[in-house]
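> Any chance you could fold what I've pasted below:
(2 chains)
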Amino acid sequence: MSSFPPPRHISQAGRSHARGHSLAPNFTSSALPPSNVRHSSSPNAPTSEMSLRGMSRLEGQHAMDQSRFLASKARVKNLNPPVDMRLLDYVAPYDGNLMCPICRCPFVDPVILTECDHCFCRDCIRQTWSAQYNPLGPRGDCPTCRTPAKLGLRCATSKILVNILDDLVVKCPRSEEGCPAEVKRGEVQDHVNIYCGYTVVNCPSDDCELPLRRKDMPKGCLHHGVCCFECREELQISNLERHWQSSCPQRTINCEFCDVQLTFHEREQHMKDACPALSIPCPGAAFGCTSRGRREQAETHSRNCTLARLAPIFAAQKQRLDEQEAAQKAMAHKLDIFQDGFASLQSLLCDPSDGAGLTNTQATVEPPGRNHRGRSHTMGAYAGTAEPLDLDFPTSSAQWSPSASTAPSRPAPNPPGPRPRDLPEPYTGDFDLAAPAFPSHSMTQEMPYTSPLHHLLSMHESLRDEMSRISAALAEVDGRLSMQSLNENMRTREEITYLGAQLAGLSRQVHWLTSSQLQRQQPQGAGARPANGSASSNVSDMTSVEAAVNAASNGLRGSQRMANGGNGMRRGLSEEGRTKL
Amino acid sequence: MSAPLPKRIIKETERLQNEPVPGISAQPHDDNARYFDVMVEGPGGSCYEGGVFNLELFLPDDYPMCPPRIRFLTRIYHPNIDRLGRICLDVLKNNWSPALQIRTILLSIQALLGAPNPEDPLNEAVAKQWKENQSEAIETAREWTKLYAQKN
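Now for the predicted structure:
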């Protein structure tokens, strides 16, 4: 839809018409070059006295003139395209029978199809049957009655029809620019080419290439700048007339409704405020009055119309309402911002204390009890030293933590703890410090938080308490663990020394036995043959020695058991087996 | 940029507005004078009587050498009009002639509403129904007209 191809029939029509009036352009060309003639002919007079060089120079100049003339002619032709008959405005309505059914204009170069006697513009029917729409060439069906037909030599219409068409009166195609001429259609091309003052021609000045309207020719070259004396706009003289006609803001126009003469820039104001012919709505139209009328009528109406009289009050009310609404909107916006900020602050405060929240609340419910329990724990730690061998140490802080259910039921001295020297220094210090450092602590527990700051402070404080409790618990556990390992170590060391002693005793016994054996064998070796029965006595001696050894070891074991208590029993038994082996 | 409108389109538009065809109106768009909003009333005595059908009409660049493009926007139960509103009409296709105009084409469409042609169908299902049980098809067309083509 954006690229409409130039209507073929128009361009062809132009061409055909140019053919019909082929004299006209020629005439223009011969009419135009007075300057050319003047230029070339005046120096041509004294040619006879000129030298050959002068002749050639003149010829060269002539050729140059000619080319310039041709160029200007081409330019003028471009500026003045051949008249398109279909774009002409007809002065009087024309007979519908003179209208081509295809282009809906009075026929231009009409032809009659011999087969059906229907008449069309030559270009219209040609285009209809052209290759693009009909591959069979200049033949086809009649667009009106579909009779197969073709364009033949005898298709030309009678002279009468052509004359009737040429006698239709049309406006000059440059009527919009101001040409008032109304001519017969057959003469319109001549009018444009020869007479029309608004046709563009070359500037009469030799060194000016710009176009000029024919009627301005006598004024000479108009292509220099001037200033519009009305609006001070700078422009060329040749454009001045058009400027006054169509674009100068100071130009005089007639109001299209009331025939008052006014300048163009006053027009808007006039339309709005003064034009009496314009129908205007009642002032109360915005509030429901539907009356419309001319200015005087509207004035009389508004004097009687309740809505019109109330209109200013309504308007004021509306304005106030609007203002209120705007203010309310602003307030709502502010409130939103504050709420958002508050919510984010709250989330910021609540999120980290989420995990500690439970113990926190418990802590805040009965802080003195907690404090007391904390002290009792330390006391328990002191008392716990009484049973160093009890291995049932609480290992997790959960077991230890003073939850409301377990802590009170447990007797205070029961939980064993590390010795006081194992506890780190801040253990007790933190507990004691907590209260004096935040004197407002107890206050915030009793009354609801008066401000986020108080809330924050109390949160911080409880967190701090929690932290100190956890650190204390950690320290205690650490101390217990070190104590336990110490105990274990001591026991192991004792055992090792005991084992070393046993080993020494055994080695002494073995030494004693072997030496006594050796002593006995030496005298025996001396008198072996004489006493045969002494062998049996020897065996009995051996068993008695063994029994003595056993008795000695048993005695040792008994003493060990005494030293070790029940715990050493198993080890004693195994050692007994070892010694037996 | 679009070329200036051919004189013929201007004249046709003027005539459509100054001397409208009864039961047919065509209004060009403000921003595109080649695009028309068309309203066609169902012809009296047909099953489309009382309905007002909206169509869109576009004049291609080659108009009047090639036919305008027309489409029903209102749903209609008709053997020669498919679900997209395309119309099966010879003068809109091969039998186009540059001597035809917008008003003649719209009159042809109105005539097509008055005389459905199930022998040359575009909407097979409707055409079948039309051939097999004409009274029922006409009843359906009447219902559709009431349903979709009422003036609001």
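
> and B:E19, how far is that from A:K171?
To A:K171, B:E19 is 24 Å away according to CB to CB, to the nearest Å. For the C-beta atoms, the positions are set from N, CA and C on the backbone; glycine is no exception.

> what's the answer for A:Q297, then?
39 Å.

> same deal with A:Q509?
155 Å.

> one step back: so for B:E19 and A:K171, which sits in the more crowded spot?
A:K171 (17 against 8; other CB atoms under 10 Å in any protein chain shown).

> residues touching that one, list them.
A:88-91, A:181-182 (CB atoms under 8 Å, 6 or more residues apart in numbering or on different chains).

> mind listing the strands for chain B?
B:24-28, B:35-41, B:52-58, B:69-72 (DSSP state E).

> Can you add mean pLDDT, distance to chain A and mean neighbour count and give these back as JSON lines?
Shown next, in JSON lines, are the strands of chain B (pLDDT from 0 to 100; distance: least, CB to the nearest CB, whole Å; neighbours: other CB atoms under 10 Å in any protein chain shown):
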{"stretch": "strand B:24-28", "mean pLDDT": "92", "distance to chain A": "12", "mean neighbour count": "18"}
{"stretch": "strand B:35-41", "mean pLDDT": "93", "distance to chain A": "7", "mean neighbour count": "20"}
{"stretch": "strand B:52-58", "mean pLDDT": "93", "distance to chain A": "7", "mean neighbour count": "18"}
{"stretch": "strand B:69-72", "mean pLDDT": "93", "distance to chain A": "11", "mean neighbour count": "19"}
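
> Export those strands as CSV, with columns for distance to A:I112.
Output for the strands of chain B, formatted as CSV (distance: least, CB to CB, whole Å):
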stretch, distance to A:I112
strand B:24-28, 32
strand B:35-41, 33
strand B:52-58, 32
strand B:69-72, 32
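
> what does the stretch 51-200 of chain A have sitting close to chain B?
Counting by CB under 8 Å from any CB of the partner chain, the stretch 51-200 of chain A comes close to chain B at A:86-87, A:101-105, A:124, A:127-128, A:132-133, A:141, A:143-144, A:146.

> Just flag the most distant two among those.
Longest distance between any two of these is 29.8 Å, between A:L87 and A:R146; criterion CB to CB.

> so A:A475, which of the three states?
Look at A:A475: counting by DSSP: H, G, I helix; E, B strand; the rest coil, its state is helix.

> what ranges do the strands span in the stretch 251-400 of chain A?
A:252-254, A:261-263, A:280-281, A:292-293 (DSSP state E, counting those that start in this stretch).

> The first one: partners in the sheet, and parallel or antiparallel?
Partners of strand A:252-254 in the sheet, by DSSP bridges, are strand A:261-263 (antiparallel).

> Now do the strand it pairs with: everything it contacts.
Contacts of strand A:261-263 (CB under 8 Å, 6+ apart): A:249-255, A:270.

> Between these, which sits nearest A:R464?
Of the contacts of strand A:261-263, the one sitting nearest to A:R464 (CB to CB) turns out to be A:P249, at 81.2 Å.

> Report pLDDT for the closest one.
Here the pLDDT value assigned to A:P249 is 77.

> neighbours of the closest residue to A:P173 other than its chain neighbours, just the number please.
Residue nearest to A:P173 in three dimensions, not counting chain neighbours: A:V83, with 5.5 Å by CB to CB, 6 or more residues apart in numbering or on different chains. Here the number of neighbours of A:V83 (other CB under 10 Å) works out to 24.

> A:V83 against A:V192, yeah?
Yes. Counting by CB atoms under 8 Å, A:V83 touches A:V192, with 5.6 Å between them.

> For the two, list the residues in contact with both.
Common neighbours of A:V83 and A:V192 (CB under 8 Å, 6+ apart) are A:P173.

> now B:A125: how far from B:A115?
20 Å.

> If you could redo that for B:K128, that was the one I meant.
For B:K128, the distance to B:A115 - CB to CB - is 18 Å.

> More neighbours: which of these two?
Taking other CB under 10 Å, B:K128 and B:A115 do not tie; B:K128 has more neighbours (14 against 9).

> circling back to that earlier point, so which of the strands of the stretch 251-400 of chain A is the most packed in?
Most buried of those, by mean neighbour count (mean count of other CB atoms under 10 Å in any protein chain shown): strand A:280-281, with a mean of 16.

> on that earlier part again, from the contacts of A:K171, which single one is nearest A:H223?
A:A181 (25.9 Å).

> which of the residues in stretch B:94-105 are buried?
B:96-103, B:105 (16 or more other CB atoms under 10 Å in any protein chain shown).

> Tell me which residue of the stretch 251-400 of chain A lies closest to chain B.
At 20.7 Å from chain B, A:E256 is the closest residue in the stretch 251-400 of chain A, using CB to the nearest CB.

> tally of neighbours for that residue?
With other CB under 10 Å as criterion, A:E256 counts 11.

> How about A:I160?
Neighbours around A:I160, by other CB under 10 Å: 8.

> Three-state assignment for it, please.
Strictly by three-state DSSP, A:I160 counts as helix.

> For it, give its distance to chain B.
23 Å (CB to the nearest CB, to the nearest Å).

> Could you list the low-pLDDT ranges of the stretch 101-250 of chain A?
A:131-138 (pLDDT under 70).
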